[in-house]
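Asks: Need coordinates for the following:
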Amino acid sequence: MAQTYDNIEIIIMHDGPLPTSAIVYAESLRDHRIRIYGTEVRYDDWGHTPRDLGIDKLSEKSEAVIFTGVDNYYLPTFTAEVFEPVATNDTVVASYCDMLHNNKNWNKIDARLEYTRIDCGCFLVRSEIAREIRWGNRVSWEDWVFVEKVIKKYGMNHITKIARMLYIHN
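Replies: Residues are numbered from 1 along each chain as shown. Predicted coordinates for the structure are as follows:
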C-alpha cells in the first residue's frame with residue numbers, strides 16, 4: 001500500500017473460505033485498490049492455487065502482475081522500479097530485482113533466472129503472460145516452474161533485471 005507508484009490493484013486471495021475478520025480488516029483499510037477473495041476450500045499448496053485463481057480476478061486494464069505472500073516486504077519504490085522496463089519497452093515481458101531471503105540467512109540474493117535464485121515475489125510479468133502461463137504444478141518450487149515457463153516461451157533476453165534489492169522474502 002505504501003508504493004510510490006500507486007496505479008495498482010491489490011488482489012488478496014485467501015487460501016480457504018474467507019473469514020469475516022479478513023473482510024472487516026480489508027474494509028477498514030479504506031483503499032479502493034484492494035479486493036479480497038477466498039477459495040471454496042483450503043488447498044494448502046504454498047499459495048499456488050490461490051495465485052492461479054487470482055489471475056482470473058485481474059482487471060482487464062491490468063498490465064503486469066506480481067505474485068507475493070503475506071510474509072513478504074517491499075521497498076516503497078519496488079513497483080515503480082520493477083514495472084518501468086515493462087511499461088516503457090514492448091519487447092520486455094518481465095522484470096525482477098535482487099532480494100533478501102530468510103532461507104538464506106537474511107543475506108542479499110543476487111537474483112538470477114536460475115533455479116533457487118529467484119522468488120515469485122521479486123518477479124513482475126505482463127498480465128497477459130500470467131494468464132497464459134498460469135500456476136499449475138503444485139510443487140514447492142512452483143515459483144521457479146512459473147519463471148522457467150516464461151523463459152522458455154519468451155527467452156531470457158526479454159526479461160530485465162533491476163540490480164537493486166527491493167524485496168524481502170520472510
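Asks: contacts, neighbours, all on C-alpha from now
Replies: OK.
Asks: and the longest strand anywhere in the chain, how far out from the chain's middle?
Replies: For the chain, the longest strand by residue count, based on DSSP state E, is strand 159-169. Relative to the mean C-alpha coordinate of its chain, strand 159-169 is positioned 12 Å out (Cα atoms, centre = their mean, to the nearest Å).
Asks: and if you look at stretch 19-28?
Replies: Worked out by Cα atoms, centre = their mean, stretch 19-28 lies 22 Å from the chain centre.
Asks: hmm, which helix or strand of this protein has the shakiest average pLDDT?
Replies: strand 108-109 (a mean of 91; mean pLDDT, DSSP states H and E).
Asks: give me every residue that touches the closest residue to Pro17 other than its chain neighbours.
Replies: In space, and not counting its chain neighbours, Pro17 is closest to Gly38: 5.0 Å by Cα to Cα, 6 or more residues apart in numbering. Taking Cα atoms under 8 Å, 6 or more residues apart in numbering as the criterion, Gly38 is in contact with 13-18.
Asks: picking up where we left off before, contacts for the longest strand of the chain?
Replies: Contacts of strand 159-169 (Cα under 8 Å, 6+ apart): 71-75, 77-78, 81-82, 85, 92-102, 108, 121-122, 151.
Asks: Please state the backbone phi and psi of the residue nearest to Pro17?
Replies: Note on Gly38: backbone dihedrals following degrees, to the nearest 10 are phi -120, psi 160.
Asks: Brilliant, that's me finished.
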